[in-house]
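1. coords please:
(chains A and B)
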Amino acid sequence: MPQYSQFQPKPYRPRMSAFWYFDRWPFLLFVLRELSSFFVAYFAVLILVQIYALSAGPTAYAGFQACLRNPLMIILNAVTLLFVLLHAVTWFNLVPRVMVREVTGRQLSDFLVASPNYFVFIGASAIVALFILRIL
Amino acid sequence: MAVHRSNRPLGWLVFGTGGFLVAFLLPAQIFLYGIAIPLGLVPDPGYQSTLDLLRQPLTRVYLFVVLAFAFFHAAYRMKDTLADMLDMRKIDIVLAYLCYGGAIAGTIAALWLLWWVP
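-> As a prediction, this is how the structure comes out:
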């Protein structure tokens, strides 16, 4: 049996830093976008708590609202809004990536293809807001 | 011969639907309930009025759909984020059980709470 021990190639083992996402701005943006999921989950749980407080009665709901007036909660919710907006913007801007967008032989710009999303977003937000503020 | 089929598209279908609902509907809710009403930027509709809104069947269906898809959307992304950021790709089946278990628990909680609204 021949022995091939002298020139054994070393196996290639790439090592990646645990903080790879600080290397480049697009990596960081990607990770921030992915982190938005934690804030989505947090706010969904907060809505559950709100439904529970509303069902439990006026005193429980007043306590819930007092908790939301805590400056730390307002900061947390503002950060949540920023992360969810980052998710929304990156989501809307995906449309030009996944859609055929040739009209009359010309390629439409990314901005033009993504823009209907923003109009729908404004319309949907307005309808939700009118319901929440009890105008509708 | 068995053909290997990935279960990824099923997760992605729910993730994608959730992504749409979250992107279009959640920011208004976060801004109003989380920032504008607590800060007094807009008039608070008050307890009775908000409860009346919650009592409507349409509101409950809306909340259930948004919450259920939001939970599964978040679970899909949280699983991959934890696997990538904390270098836990090797145990991603454990992460999947944790994240999707949480999503199932959240969905059941939403169904339960919305069913028992007085």
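
2. Least confident secondary structure element in chain A?
-> strand A:102-103 (a mean of 69; mean pLDDT, DSSP states H and E).

3. quick check: mean pLDDT across the next helix or strand after it?
-> Per DSSP states H and E, the first helix or strand lying C-terminal to strand A:102-103 is strand A:106-107. For strand A:106-107, the mean pLDDT works out to 77.

4. okay, and the helix or strand of chain B with the least pLDDT?
-> One helix or strand of chain B scores below all others by mean pLDDT, DSSP H and E: helix B:8-29, with a mean of 92.

5. Now do that one: everything it contacts.
-> The contact list for helix B:8-29 (C-beta atoms under 8 Å, 6 or more residues apart in numbering or on different chains) reads A:40, A:43, A:47, A:81, A:84-85, A:87-88, A:91-92, A:120-121, A:124-126, A:128-129, A:132, B:65-66, B:69-74, B:76-77. Backbone N, C-alpha and C define where each C-beta goes, glycine included.

6. helices and strands around whatever helix or strand comes next after it, which ones?
-> Sequence-wise, the next helix or strand downstream of helix B:8-29 (DSSP H and E) is helix B:37-39. Using 3 or more C-beta pairs under 8 Å, 6 or more residues apart in numbering or on different chains; DSSP states H and E, the elements in contact with helix B:37-39 are helix A:58-69, helix A:71-92.

7. Would you confirm that A:Arg69 contacts B:Pro38?
-> Yes: look at A:Arg69 against B:Pro38 with C-beta atoms under 8 Å: they come within range, at 4.6 Å.

8. Compare those two and say which is more crowded by neighbours.
-> Ranked by neighbour count (other C-beta atoms under 10 Å in any protein chain shown), A:Arg69 and B:Pro38 place B:Pro38 first, with 20 against 12.

9. Okay, the spatially most central residue of chain A and A:Arg106: tell me how far apart.
-> Closest to where the C-alpha atoms of chain A average out (C-alpha atoms, centre = their mean) is A:His87, at 2.8 Å. For A:His87, the distance to A:Arg106 equals 31 Å [C-beta to C-beta, to the nearest Å].
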